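# Requesting a structural model of the entry that follows:
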Amino acid sequence: MGIEIDVVVGYPTDDEMETVLGLADAVGEPVTVTFLWEGREEAERAVLVPAATLALWEHWAPTACSTSGVGGESGAVAQESELAHPAEFGAFTLFRRRVGGRTAVARKGVVVAELLDPDEARWLQESARDVRQGFMDPKQRAAFEEFLARQASLDEE
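Predicted structure coming up:
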């Protein structure tokens, strides 16, 4: 899934967050990130998905991904449910949702990306791709049907 980066997060600086967000934005691809939060033994893996990419996936994905079983027992993103104040890192604010395990990343009050569980991100991307590949707008469908109608049948060839 896109690019993989390891980011050590304890007290990230503006530059670290800007670099990761900038990379995701520049390549237009999700970025897999490993967070090593201070005071936690286990690393947390997430996929940083630019807001526009996530909106496109969610538009085409047929339904919401079931989070039961996503991330397993060790999925820190999925099992995290305590209420916490937004975490501020310079110009960025992280808003962890209690339900679903997503974390919205905002800059100057605008959500620019979301951190998703890797399994959810993969499911969304694949579902959106499958639905989108099977979609034709009405004009395209009519033109394709007309094209097929003009083709000789296999018996005539």
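
# C-alpha only now, for contacts and for neighbours.
Will do.

# Do a quick rundown of the strands in the protein.
Remark: strands assigned in the chain by DSSP state E are 3-7, 31-35, 44-50, 87-89, 92-96, 103-107, 110-116.

# so which of those comes closest to Asp130?
strand 44-50 (18.7 Å; CA to CA).

# just for this structure, where's the confidence low?
Applying pLDDT under 70 to the chain flags residues 1-15, 17, 37, 62-84, 98-99, 154, 156-157.

# Would you mind finding the longest helix in it?
Looking across the chain with DSSP state H, the single longest helix is helix 118-133.

# about what we covered before: closest to Arg141 out of the strands of the chain?
Closest approach to Arg141 among the strands of the chain (CA to CA): strand 44-50, 31.3 Å.

# Which strands and helices lie in contact with the longest helix of the chain?
strand 44-50, helix 51-60 (3 or more CA pairs under 8 Å, 6 or more residues apart in numbering; DSSP states H and E).

# Check what contacts the shortest one and list those residues.
Looking back up the chat, that one is strand 44-50. Applying CA atoms under 8 Å, 6 or more residues apart in numbering, the external contacts of strand 44-50 come out as 21, 24-25, 28-37, 75-77, 112-118, 121.

# Just the buried residues from those, in ChimeraX please.
Selecting the buried subset of these in ChimeraX, with 16 or more other CA atoms under 10 Å as the burial test, is done by:
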select :21,24,25,29,30,31,32,33,34,35,36,75,76,77,112,113,114,115,116,117,118,121
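
# How many neighbouring residues does Glu16 have?
When neighbours are counted by other CA atoms under 10 Å, Glu16 registers 15.

# Same check on Val20?
Using other CA under 10 Å, Val20 has 18 neighbouring residues.

# residues touching it, list them.
For Val20, the contacting residues are Val31, by CA under 8 Å, 6+ apart.

# And it, how close does it get to Val111?
15 Å (CA to CA, to the nearest Å).

# Pull the number of nearby residues for Ala106.
Applying other CA under 10 Å, we find 18 residues neighbouring Ala106.

# what's near enough to touch it?
Neighbouring residues of Ala106 by CA under 8 Å, 6+ apart: Phe92, Thr93, Leu94, Phe95, Val112, Ala113.

# Report the contact partners of the fourth one.
In this case it means Phe95. Phe95 makes contact with His85, Pro86, Ala87, Thr103, Ala104, Val105, Ala106, according to CA under 8 Å, 6+ apart.
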